[in-house]
Every structure is written in structure tokens, then in C-alpha cells.
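Predicted coordinates and the sequence they were generated for:
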Amino acid sequence: MKKLMLLFILVFSFQGCAELQQLASQIPAEGLTDADIARGLKTALEQGIDKEVSTLMKEGGFYNQKDVRILFPPELRTVEQRLRDLGFNSLVDQAEMKLNRAAEEAVKEAKPIFVQAIREMTFDDARKILMGDQKAATEYLKRKTENQLYQKFYPIVRENFSKVGADKIWSDLISRYNSLPLVQPVNTDLNDYVTREALKGVYKKIADEEVKIRTDISERTNDLLRRVFALQDQRKNNSNQPQQ
């Protein structure tokens, strides 16, 4: 009973969220095996992938999120502005939207590749990731999957330019621009650009989710995640203690 009262006194004596998070980070992490740590990291990655990749592959998944929306390629920004100045806003907006739709279709192929990379994670990988920086797990995934995802995404982007109507919109847009007096004609192949921008968006969203799990205790949605990342918190706190 005394212990219970002491616990209530301690909890209600804290005045802010930072203190509560510090208390929660003291969840005992002793007894964790390498297998536990690997399982916890894999769970965290699966959580990020399931949440973020599932969002990106929906219609509007890229276009409706400003931090990953695919804009005109840098070399076509002049084209965009000139056409907007001439009143072709609707055509330009449609062209940009179609870029993003092609990316959304491609991302549907990402999950199996990510799942395979997670399965291949070793105990050594897991420990390095746990004690690495806030995006260490995402960087691991990027090393393991980027080339393979590019090879998978590129033909899908190319195919979906026709499927989502991007080819017609872009052909119309470029034709209108090239017909203007005193402009340098452009003929940009957008498949590589959209593929690389889609990959950037995927990794950014996974990284955002990883940072949340590492820094926000409420994002640790099961006991294993709480225990594994409590170990991260404890070790990093210890490393920040001044040497005696």
C-alpha cells in the first residue's frame, strides 16, 4: 500500500510532459536478448511501413501531402511559370497531379521489398540501429532496398503515365509551351524523375515515423516496443551523463 501511494505521489508531482516521458523511459529493459531487440526493431519498421506506405499508395497520397508532393522538375519550372502567367493554371495543376498519381501507383509495389529487407536484418544490424541516430532504421532500409525499388518503380511509373492520363496531359502542356514565340523547346522524359521523387517520399515518411517511435513514448504501441526503446533511452541518457 505504501508503495502504491508513493507511486501516485511521484506521478502527480511531475508538472510537464517532459518529466512524464522521462519517467516512462525508465521501464525496465533488463533481460532483453538480441532476438528481442531485433524483433522490436522489425516491429517498429513494420509499423512505419504499414502506416506510411499505405497512405502514400492511396489516391492523393503524394499530391495531398505537401512534404512529399512531386513538383515540376527544376528544368521545367520556367515552363510552369510561363504557362501560369498565360492563364493555363488548370492544365498545369492537372499535369502536376498526374505526376503524383503515377508515383502513387508505383508505391503499391514497395511493401514486399521492404518486408524482405526487414526479414534479413541481423542481430548486429538491430543493435547498431537501436543505438544509432534517429533515422538509422530508415537508412538501413534505404541501403537494402533503394536499387531494387528503383528497378521495380521505374517501369510502373512509365506504364502508369499512360494509365492515369499523364502522357496526354504532359504532351499537351509541352506542346503549348513549345508553340509560344521565343521559347527554347523542351522535351523532358519524366519517368526517371518521378521514380526518384517517389522513392524520396517513401523514405521521408518512414523516417518521420521512426523519429516518432524513438522520441514519443505514446507511439510505442506494445510492450516489446516500449521495452526495446526504453533500452535506447537509458543508454543514451547514460552516455550524456558527465564523467566522474
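Right, received. Where do you want to start? Source: prediction; values computed, not measured.

Compute the distance between residue 153 and residue 175, please.
Distance, residue 153 to residue 175, using Cβ to Cβ, to the nearest Å: 27 Å. Quick note: C-beta positions are derived from backbone N, CA and C, even for glycine.

Check residue 209 too.
For residue 209, the distance to residue 175 - Cβ to Cβ - is 41 Å.

between these two, who's got more neighbours?
residue 209 (22 against 9; other Cβ atoms under 10 Å).

from what I can see the more buried one touches residue 53, true?
No - counting by Cβ atoms under 8 Å, residue 209 stays clear of residue 53, with 9.9 Å between them.

Convert stretch 137-147 to CSV, retaining C-alpha atoms only.
Provided in CSV are the C-alpha atoms of stretch 137-147 (Å, rounded to 0.1, in the frame of the first residue of the first chain):
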residue,chain,number,x,y,z
ALA,A,137,16.5,2.2,-39.3
THR,A,138,15.3,4.1,-42.4
GLU,A,139,18.9,4.4,-43.6
TYR,A,140,19.2,0.6,-43.2
LEU,A,141,16.1,0.1,-45.3
LYS,A,142,17.4,2.6,-47.9
ARG,A,143,20.7,0.8,-48.3
LYS,A,144,18.9,-2.6,-48.6
THR,A,145,16.0,-1.6,-50.9
GLU,A,146,16.8,1.6,-52.9
ASN,A,147,18.2,0.0,-56.0
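
List of residues touching that stretch?
41, 44-45, 48, 113-114, 117-118, 120-121, 125, 129, 132, 199, 203, 206-207, 210 (Cβ atoms under 8 Å, 6 or more residues apart in numbering).

Please indicate which of those are buried?
Among these, those classed as buried by 16 or more other Cβ atoms under 10 Å are 41, 44-45, 48, 113-114, 117-118, 121, 125, 129, 199, 203, 206-207, 210.

For residue 58, which three-state class applies?
Three-state call for residue 58 (DSSP: H, G, I helix; E, B strand; the rest coil): coil.

Contacts only, for it.
residue 104.

list the buried ones in the host helix or strand of residue 155?
Assigned by DSSP states H and E, residue 155 belongs to helix 136-163. Using 16+ other Cβ under 10 Å as the test for burial, helix 136-163 gives 136-138, 140-142, 144-145, 149, 152-154, 156-158, 160-161.
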